[in-house]
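Asks: structure, please.
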Amino acid sequence: MEAAALTFFVACVTAAGFGIAIAAFGCGIGQGLGLKAAVEGIARNPESSGKVTVTMLIGLAMIESLCIYALVISLILIYATPMATTVTNLLAH
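Replies: Numbers count the residues shown, from 1 in each chain. Have a look, this model is predicted:
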């Protein structure tokens, strides 16, 4: 039972690590592309700077929220495992 609990915990930690890494990578790429497009739009039409900036900030916030959701799921995987008490007792020794 203890070996299965520890194996499950290791799998959850590994999945959480890969999940947050992939989410951060994807969000970074998305934010970079969004910022690039906004800067190019402002460079072509400087008068639209205000509207483009507001729209860009809203878009960046939406993209960043996806990474925060991945962080929440990762924390749930790590701390809300069904065998959390068994794993805690194993790690305490």
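
Asks: residues touching the residue nearest to the spatial centre of the chain, list them.
Replies: Geometric centre of the chain, nearest residue: Cys67, 2.6 Å, by CA atoms, centre = their mean. By CB atoms under 8 Å, 6 or more residues apart in numbering, the contact list for Cys67 reads 20, 23-24, 27. Quick note: C-beta positions are derived from backbone N, CA and C, even for glycine.

Asks: show me which of those are buried.
Replies: For the contacts of Cys67, a burial check counting by 16 or more other CB atoms under 10 Å picks out 20, 23, 27.

Asks: pLDDT weak spots in the chain?
Replies: Applying pLDDT under 70 to the chain picks out no residues at all.

Asks: wait, Ile78 touches Ala16, no?
Replies: Yes - at 5.2 Å, Ile78 counts as touching Ala16 under the criterion of CB atoms under 8 Å.

Asks: please say which of those two ends up with more neighbours.
Replies: Set side by side, Ile78 and Ala16 show more neighbours around Ala16, with 19 against 16, by other CB atoms under 10 Å.

Asks: not counting sequence-adjacent ones, nearest residue to that one?
Replies: Nearest residue to Ala16, sequence neighbours excluded (CB to CB, 6 or more residues apart in numbering): Ser74, at 3.7 Å.
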